[in-house]
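1. sharing a model prediction with you, sequence too.
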Amino acid sequence: MSSVPTIALLEVLDRDDHVKHYLPVSAWPISAGRALDNDIVLDDAYIAAHHFRIDADESGVYVQVGETLNGLRAGGRQLKSGERAVVGDVPLRLEVGDSHLCLRLAHHPLPPEQPLRKPRSFWHAAGPSIAAGLAVIAVLLFTTWLDADPDDVTRALGGVMVTMLVAAAVWCAGWSLVSKIFTRRSHFWWHVRVMLIGVLTVDLVTAALHLIAFSFSLPVASDFTFVFTYAIIAAMLYFHVLGVEPRRPGRMRVAAVSMFVVGTALSFWFNQQNRDQIGEELYMSHLFPPALRVAKPQDTATFVKGLSALKPTLDDKARKRDSGDDGVGDED
């Protein structure tokens, strides 16, 4: 007694693309919807009683949309009631209401097995994070030592260590919890690495821009350091979200770029309102050893002569200030 061959599988997927259940297909046509007389019943309020059917003709296997208000998306293409889409040489993804399905034909190539992202040992998982963490601690302690008063350096170093450890633990634990809820895996060390690499990159890029500004007398490099900081933070958030929603990297990239653009634009606007300039610093205050200075120094006479260009701007601000003071006095 020979078994009937399976010519296709219609799979119902969860949000992580795991198969919840499937329908083996041995003959066409088949139907799907909420009604009980369908071959596969979909319990979804946004799906019609007989939402779609799958059949075959001389053009090949196709999906035909039934009488429905919402239609469906087949391979990224929106289909309305009565429209059809032919299944190609790869499995066809179907978005029906709030449900996700996949139609796999027998001749479709099977994708290769993916390696399970499971570290071989604790050090394989935690080693890179520990190395990055030590680098971040060294950088933060060094900068704190430079900025702190010698009498309070011990207290400052202790405060930085406690604050850093608590903030990092809360940040990574929160992302791990969200990943566990949505992907069934915490991805803890992934979030730790993303955070540490992001913080270390911010510190290194900031120091490099300040050094460039000092060495080449380019205050614009340090004046707009916050733009690079926002870009790094947006990238860090993008990689954090990949641990929660790995299926839509394109949308996550668009969201990260949008956050960067909006945050940068708002910073420009606030700086313009508060300082009459879009940059962040009123003057360059980052000093390094004189041996790192590349730009040629100016003599005092040339420097003072260059200040004359500021006179019209300062006079205009002084007139506006005095005009405002006089106006208040007249009203009193």
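-> Yep, that arrived. Numbering: from 1, shown residues only.
2. please enumerate the strands of the stretch 51-200 of the chain.
-> Per DSSP state E, counting those that start in this stretch, the stretch 51-200 of the chain carries strands over the ranges 52-57, 60-65, 72-74, 77-79, 84-86, 92-96, 99-105.
3. now render those as a markdown table, adding distance to residue 204.
-> Quick note: C-beta positions are derived from backbone N, CA and C, even for glycine. Formatted as a markdown table, these follow (distance: least, CB to CB, whole Å):
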| stretch | distance to residue 204 |
| --- | --- |
| strand 52-57 | 54 |
| strand 60-65 | 52 |
| strand 72-74 | 44 |
| strand 77-79 | 45 |
| strand 84-86 | 50 |
| strand 92-96 | 41 |
| strand 99-105 | 42 |
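4. as TSV, those strands with mean neighbour count would be great.
-> What follows is the strands of the stretch 51-200 of the chain, written out as TSV (neighbours: other CB atoms under 10 Å):
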stretch	mean neighbour count
strand 52-57	18
strand 60-65	18
strand 72-74	22
strand 77-79	13
strand 84-86	16
strand 92-96	20
strand 99-105	19
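5. identify whichever of those strands lies nearest to residue 310.
-> With CB to CB as the measure, strand 77-79 is the member of the strands of the stretch 51-200 of the chain nearest residue 310 (59.6 Å).
6. parallel or antiparallel, which strands does the closest one pair with?
-> Strands that pair with strand 77-79, judged by DSSP bridges, come out as strand 72-74 (antiparallel).
7. run through who's touching the strand it pairs with.
-> 51, 52, 63, 65, 78, 79, 85, 92, 93, 94, 95, 96 (CB atoms under 8 Å, 6 or more residues apart in numbering).
8. chain center to it, what's the gap?
-> Strand 72-74 sits 27 Å away from the centroid of its parent chain (CA atoms, centre = their mean, to the nearest Å).
9. again, but for stretch 199-219
-> Taking CA atoms, centre = their mean, one finds stretch 199-219 lying 24 Å from the centre of the chain it belongs to.
10. next one: stretch 307-323
-> 44 Å.
11. then stretch 69-82?
-> Distance, centroid of stretch 69-82 to centroid of chain: 29 Å (CA atoms, centre = their mean).
12. give me the low-pLDDT residue ranges for the stretch 151-300 of the chain?
-> Within the stretch 151-300 of the chain, the stretches with pLDDT under 70 are 247.
13. helices of that one, residue ranges please.
-> Using DSSP state H, counting those that start in this stretch, the helices of the stretch 151-300 of the chain run over residues 153-183, 188-216, 219-223, 225-242, 249-275, 300-306.
14. how about a markdown table for the ones you listed, with distance to residue 141 and mean neighbour count added?
-> Formatted as a markdown table, the helices of the stretch 151-300 of the chain follow (distance: least, CB to CB, whole Å; neighbours: other CB atoms under 10 Å):
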| stretch | distance to residue 141 | mean neighbour count |
| --- | --- | --- |
| helix 153-183 | 6 | 14 |
| helix 188-216 | 12 | 19 |
| helix 219-223 | 23 | 18 |
| helix 225-242 | 20 | 19 |
| helix 249-275 | 29 | 14 |
| helix 300-306 | 37 | 9 |
